[in-house]
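fold the following for me, if possible:
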Amino acid sequence: MSADRSDRQKEFDEANRLGFPLLSDTDKSVARQFGIARFGPLPIKRVTFVVGTDRRVAAVIKSETNMATHADEALATVKALAAPSSG
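Prediction:
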C-alpha cells in the first residue's frame, strides 16, 4: 500500500509483473490507523507489514532508506510462513 495514486500503483504492478493489485492510500487514512507518520521532509515512514493468511501481522519491517531491507525481510517472513511446520 502506498500513498501513490492507484494508476501509479497499477503501472508499477505491470512494469514489475507482480500479478496482484497494489492498494492506494492517497489520503493516508490507513497509514494513520497503523500509526505510520513522520515529521520532516517525508510525509510517511517506510514500513512494510507482512500479513499472514490468518489476517494477523506476521512482521513489521522498518527502514527509511534501504528498500532491499524491506524486500529481503518480507520475503524471508513469507517463506517462513509458507514452510511446513516441523513437529
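
just checking, what packs against whichever strand or helix holds residue 77?
Taking DSSP states H and E as the definition, residue 77 sits inside helix 67-82. With contacts taken as 3 or more C-beta pairs under 8 Å, 6 or more residues apart in numbering; DSSP states H and E, helix 67-82 sits against strand 47-51, strand 57-62. Where C-beta positions appear, they are placed from N, C-alpha and C, glycine not excepted.

ranking these by mean pLDDT, which is last?
Per-segment mean pLDDT for those reaches its minimum on strand 47-51, at a mean of 83.

distance to residue 68 and mean neighbour count added to the helices and strands packed on helix 67-82, as a markdown table?
Conversion of these to a markdown table gives the following (distance: least, C-beta to C-beta, whole Å; neighbours: other C-beta atoms under 10 Å):
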| stretch | distance to residue 68 | mean neighbour count |
| --- | --- | --- |
| strand 47-51 | 11 | 16 |
| strand 57-62 | 11 | 14 |
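
tell me which of these sits nearest to residue 7.
strand 47-51 (22.2 Å; C-beta to C-beta).

mind exporting the C-alpha coordinates of stretch 22-33 to CSV?
C-alpha atoms of stretch 22-33 as CSV (Å, rounded to 0.1, in the frame of the first residue of the first chain):
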residue,chain,number,x,y,z
LEU,A,22,-1.4,-2.8,-5.0
LEU,A,23,-3.5,-0.7,-2.7
SER,A,24,-3.5,3.1,-2.7
ASP,A,25,-3.9,5.2,0.4
THR,A,26,-3.8,8.7,-1.1
ASP,A,27,-5.4,10.4,1.9
LYS,A,28,-3.1,8.4,4.3
SER,A,29,-6.0,7.4,6.5
VAL,A,30,-4.8,3.7,6.6
ALA,A,31,-1.3,4.8,7.4
ARG,A,32,-2.7,6.9,10.4
GLN,A,33,-4.6,3.8,11.6
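
average pLDDT across it?
Across stretch 22-33, the average pLDDT comes to 86.

flag every buried residue along that stretch.
Residues of stretch 22-33 classed as buried by neighbour count (16 or more other C-beta atoms under 10 Å): 22, 24, 25, 31.
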